[in-house]
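# Give me the fold of what follows.
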Amino acid sequence: MSTAETEPRPAADQQDPQVEVLPARNVPLGGPRAMTVRRTLPQRSRPLIGAWCFVDHYGPDDVARTGGMDVAPHPHTGLQTVSWLFTGEIEHRDSLGVHAYVRPGELNLMTSGHGICHSEVSTPATTVLHGVQLWLALPDEHRDTARDFHHHAPRPVPLDGGEARVFLGTLAGDTSPVPTFTPLLGAELTLRPRATVTLAVDPAFEHGVLVDRGDIHLAGTPLNPADLGYLAPGPTTLTLTNTGDTEARLILLGGTPFEEQIIMWWNFIGRSHQDITRAREEWMSSANPARFGVVEGYPGDRLPAPELPGIPMKPRGNAR
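Next up, the predicted model:
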């Protein structure tokens, strides 16, 4: 995982001061034909929104030109991965023995717990790959939980001015059946041209609005495509306006503030430098695959871990 971070872009004087605009930075995923993603979490000013600790936004990606996605088996600890596509198809294999497909409008949620490994490969049927890859930090009491996997295809929920698909939590009268370890919200929203939608939200939640396409205002603050707009806890409603003449699409994330400090390095989440060091050593030790298991069916080698930084890593959380 890249450690490069950007500072938030302050809202203009006439905009709602409660909205913090977090711009994306371009990050190449490894390999000779690296696919570039737009990353908005973590950032120096805001490592997390609720338990959401990692937001990658990619595409539309012409796989005939770029080669698409081919991520060899790699490990995770202390987190959940949330895969959500707008177009394309990805084949998922993991050491739990799950062989599944990520398709548009369908949630795949994988829980690493103490350790898991998986591969992600775009399928031959994919011509355009476009979606988001999200991570959730597991709270300390659950970070060594058992490996798990959930799939859910949420129904479209009509809004006055658009549509919602709620893949985690509750919004607009719909509740996802997928269990979470902290109070959370995750939904895809589409807004018709020139439409304004006001949603009832939990005032205990902080929220993030990731714009995929369209000209969006969040509580009066304009957001560009790939921006993540942040709203602190307190409001009981969230107002979104599509000021453009074409349909807009966004991802709405939310959750109660995550009070713990964490270390995120490569694909691991821990609470201390020693946690990360131990996870790396156990991944690199092919003699002991018990912690992470083995991915069956991937035609290639697993990814080696990068070298650790030369100085001890310190846990971080959001400033309060």
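# What helices and strands are in contact with the helix or strand encompassing W135?
Secondary structure from DSSP states H and E places W135 in strand 128-137. Applying 3 or more Cβ pairs under 8 Å, 6 or more residues apart in numbering; DSSP states H and E, one finds that strand 128-137 contacts strand 52-62, strand 79-87. For every residue, glycine as well, the C-beta is placed using N, CA and C.
# JSON lines for the ones you listed, including mean pLDDT and distance to P177?
Putting the helices and strands packed on strand 128-137 into JSON lines (pLDDT from 0 to 100; distance: least, Cβ to Cβ, whole Å) gives the following:
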{"stretch": "strand 52-62", "mean pLDDT": "96", "distance to P177": "20"}
{"stretch": "strand 79-87", "mean pLDDT": "98", "distance to P177": "15"}
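# possible to save these as TSV with distance to F292?
Written out in TSV, the entries for those read as follows (distance: least, Cβ to Cβ, whole Å):
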stretch	distance to F292
strand 52-62	19
strand 79-87	13
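# between those, which gets nearest to T126?
Closest approach to T126 among the helices and strands packed on strand 128-137 (Cβ to Cβ): strand 79-87, 8.0 Å.
# ok so, going back, looking at the helices and strands packed on strand 128-137, which is nearest to E206?
When these are compared for distance to E206 using Cβ to Cβ, the nearest one is strand 52-62, at 9.4 Å.
# Which helix or strand lies directly C-terminal to that closest one?
Moving toward the C-terminus from strand 52-62, the first helix or strand encountered (DSSP H and E) is helix 63-66.
# could you give the mean pLDDT of stretch 106-114?
The average pLDDT within stretch 106-114 is 98.
# just the CA coordinates of it, formatted as PDB?
In PDB, the C-alpha atoms belonging to stretch 106-114 read as follows (Å, rounded to 0.1, in the frame of the first residue of the first chain):
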ATOM      1  CA  GLU A 106     -23.300  -7.300  -6.200                       C
ATOM      2  CA  LEU A 107     -21.300  -7.200  -3.000                       C
ATOM      3  CA  ASN A 108     -18.400  -9.500  -2.200                       C
ATOM      4  CA  LEU A 109     -17.200  -9.000   1.400                       C
ATOM      5  CA  MET A 110     -14.200 -11.100   2.600                       C
ATOM      6  CA  THR A 111     -13.200 -11.100   6.300                       C
ATOM      7  CA  SER A 112      -9.500 -11.800   6.800                       C
ATOM      8  CA  GLY A 113      -9.500 -12.000  10.600                       C
ATOM      9  CA  HIS A 114      -6.200 -13.400  11.800                       C
END
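# about what we covered before: quick check: neighbours of the strand holding W135 in the sheet, parallel or antiparallel?
strand 52-62 (antiparallel), strand 79-87 (antiparallel) (DSSP bridges).
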